[in-house]
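**Student:** Just a sequence and a predicted model for now, questions to come.
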Amino acid sequence: MAPASESSLSLPIDKPPPAKLALTVEVDFEKQLPDVPPLLTPQRKVRRASPLMFLKKTVKKSRLTFTKQPDSTAPAGLRWHFIFPALIISFLVFVVATALLLFVTFGRSSIATALDPWAIHVSRLPQLGLMITTVSTHMVAISVPFLVSVMAYCVAGSWIDEQKSANTARRVTPTPLQYAYIVKLLTTASITSVFEAGRYINAAKNHIRIPRAFYLALRLTSTVLGLSFLLILADVWLHATVSVVSISLIPSSLAVDENRRTAFGIVFNESVCAFQGSACLDAGWASGEPWIVQKGLRVAANTSEDLAVVTINGTAVVIPSARFSDLQFPSFGLRAECNNLTPSCVSPNNRPTECSAAGDSIAGSSSSSRSARPSSTSASTVVTPTPLTQIVATSGLNSNPQKVVLQLNWSNSTLSPANPAVSKSSAGDVLAWASCDLTLYNITVEQTRGVFRVGDQPTSANPAFAGIMHGLLLSQVGNLQLLSSLQATMLSATDEPSAMNAMNQALGQLALSLFTGTLQLDPTLIRRNNPITQSLAPASSALLTRYPLTPLAVYLVLLYTYAFAAFAVFVYAARLRAPVVPRPGQRPANTIQLTQLRLTDPLAHIAALYPPPRQAPAPEDLRELFLESEDAARLEIGIQSAPKDHRSWLAGMVQQQQPVFGIYRRSGPWSSLEIA
């Protein structure tokens, strides 16, 4: 034994013993495995091998215990909690956009909106609506970083799919500079990074191939940031244009049922007459109630707040000034049918102040000595009323239809009559005579899409009630308005039918307009046998919030577009499939997930640059896959040489190994004690 020991001790130091030779064989076998080429990133600290024997043995023994991981695994999708933020963002933005839409839809006033079709009037003050827009805008601004993090999964999936494409001629992977631009787009998410990336593409697209992942990152980031900034501008625009307006409305108790029949009507105010069954407003009695005359003249001048008179198929009809979209309501209508008497009244035997063919009432009426009273609403009219302008009833006070005779005089007129319905005297006065039948009806007015029509079966009003209607007309208070209206229509008509149609329309509207001074909107519709006795319900004014249609529509469109864009990102990310990286004793990590970390999280780069010497990573920390001192498979982004059978996409020739920047999975660890 002693010689053997001496023999072993006499061996040179550089010749290992037989046991060491077996170990050397195993080490040589391990060295035959392909070593991982150095990567551009991350840069690692390289330690020199120690000259001590036991350190070298430790290093080799550590390499012998490494178990090689498989290069590929079955592709799998991302776990839901990684892409779930995009779905939450889409849902929340859609909810607030719908809340704003429902707020302006169900809170709008159809009356005011019909009057102003370029805006939506809401019956609430602007605080609530503007609060919804403010919350929506801030929600979108806060959600941008979370949505960009989900978009990074889409970019990572596009990069991996393009890199593993079987068509090498169309395979384009990012350069290190392009990778830096992608990281900057997905981490800063700013207009500056978008501008710089766009400028790079514009300058390099003619001589450098741009991968799809770069385009996808730029498009997604530009879309999300663009929608976010446009929403801010639209919100400012909407805040600047929203206003509070006061509009005269029908009382809030007026509702519209499912048959479009409104719970209101245009009714007579019974308080205007001390007794029933008489033309209580005839002659000079109306002058004792100036508010009746003033309101009637305002309606005739189309300046009333609650009522208006329009002509529908030859019938003058009272309607509310405010408009509904579709409705039916009871009202009053008046039809005037006039016959021309002027040719019979211009013979040499007739004086210019009377016409025997029209009846003795024109010359002998007690009202012929009174002139029309000027009103505040028609003081600007250039026509001067004279005693020769008269409207006289010839069929009694309480009649329906009521026959009246008109004598019209435009004194010192410079106009020349163009039709037989008017005549000019030697003194320069233009004269006209006519006999008219005025019939008052109880009607039903229908409005569909802004168009009015009279119901099919109008009924004649009570003669006593019609007598009250005629009273204001026969009191001569509207003569000035009638002369002013006919001067622009009747005198310029080219033939007699046109002139008489103008007279029918003007007389019917004037008679019914003067009568509206006694009418009101009634929400109760308490109808009694006597049409004179009906209750009164005045109209009211309300403060409404006016939302201009254009900025509101733009804001809603942008809000819904952002919601659908977030949902599209969620669907895109949910459909991604990529290989997984197994981890002993832990859930495997998807390659897309690991690539997304290298695109958005600087901690992954820091973990690779500065690995902890002896501290084990957290069990659920995905960044442990980047720690360079662990004996496990790794995912890296950097430069590697292409395979030997790689063919040039341009020439189709077999070339030497060429460095390619991409995503790679290392099959072995980087030893911190290995010699570079």
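**Tutor:** The structure has been received and is ready for your questions. Numbers count the residues shown, from 1 in each chain.

**Student:** from here on, contacts and neighbour counts on C-alpha atoms
**Tutor:** Fine.

**Student:** where's the closest residue to V580 other than its chain neighbours relative to P579, distance?
**Tutor:** Leaving aside its chain neighbours, V580 sits nearest to N590 (4.2 Å; criterion: CA to CA, 6 or more residues apart in numbering). Computed with CA to CA, to the nearest Å, the distance linking N590 and P579 is 6 Å.

**Student:** what's the overlap in contacts for those two?
**Tutor:** Common contact partners of N590 and P579 (CA atoms under 8 Å, 6 or more residues apart in numbering): A76.

**Student:** hang on, the earlier thing: what number of residues lie near the residue nearest to V580?
**Tutor:** 20 (other CA atoms under 10 Å).

**Student:** From G157, how far out is it?
**Tutor:** Taking CA to CA, one finds N590 at 10 Å from G157.

**Student:** Need the residues touching each of the two.
**Tutor:** Shared contacts of N590 and G157, defined by CA under 8 Å, 6+ apart, are found at A578.

**Student:** The host helix or strand of V404 - contacts with which helices or strands?
**Tutor:** Using DSSP states H and E, V404 sits in strand 402-410. When contacts are defined as 3 or more CA pairs under 8 Å, 6 or more residues apart in numbering; DSSP states H and E, strand 402-410 sits against strand 390-393, strand 430-448, helix 479-489.

**Student:** Now do whichever strand or helix holds I88: which elements does it pack against?
**Tutor:** In this assignment (DSSP H and E), I88 forms part of helix 80-106. On a contact count with 3+ CA pairs under 8 Å, 6+ apart, helix 80-106 meets strand 119-122, helix 126-163, helix 549-574.

**Student:** Tell me how far the closest residue to S460 other than its chain neighbours lies from T516.
**Tutor:** In space, S460 comes closest to Y441 once its chain neighbours are excluded; the distance is 4.4 Å by CA to CA, 6+ apart. Going from Y441 to T516 by CA to CA gives 14 Å.

**Student:** what about these two, which has more around it?
**Tutor:** More neighbours surround T516 than the other of Y441 and T516, with 28 against 23 (other CA under 10 Å).

**Student:** Any idea how many residues pack against the nearest residue in space to the more buried one that is not next to it in sequence?
**Tutor:** Spatial nearest neighbour of T516, excluding adjacent residues (CA to CA, 6+ apart): G296 at 5.5 Å. Around G296 sit 29 other residues, with neighbours defined as other CA under 10 Å.

**Student:** where's G296 relative to Y560, distance?
**Tutor:** Counting by CA to CA, the gap from G296 to Y560 is 50 Å.

**Student:** Ok, A466 next?
**Tutor:** 58 Å.

**Student:** Could you check which of those two is surrounded by more residues?
**Tutor:** The neighbour comparison of A466 against Y560 (other CA under 10 Å) goes to A466, with 27 against 18.

**Student:** which residues touch G226?
**Tutor:** By CA under 8 Å, 6+ apart, the contact list for G226 is empty.

**Student:** pLDDT (mean, whole number) over the host helix or strand of it?
**Tutor:** Assignment of secondary structure by DSSP H and E places G226 within helix 212-241. Mean per-residue pLDDT for helix 212-241: 93.

**Student:** separation between L486 and L510?
**Tutor:** 11 Å.

**Student:** Between these two, point out the one with more neighbours.
**Tutor:** When L486 is set against L510 and neighbours are counted by other CA under 10 Å, the residue ahead is L510, at 27 against 19.

**Student:** correct me, but that one touches L483?
**Tutor:** No. Contact between L510 and L483 fails when scored by CA atoms under 8 Å: they sit 10.7 Å apart.

**Student:** Beta-bridge partners for the residue nearest to S460, please?
**Tutor:** With DSSP bridges applied, Y441 shows beta-bridge pairing to G333, S460.

**Student:** just checking, what packs against the helix or strand harbouring V183?
**Tutor:** Assigning secondary structure by DSSP H and E places V183 in helix 176-188. Other helices and strands packing on helix 176-188, by 3+ CA pairs under 8 Å, 6+ apart, are helix 126-163, helix 191-204, helix 212-241, helix 591-600.
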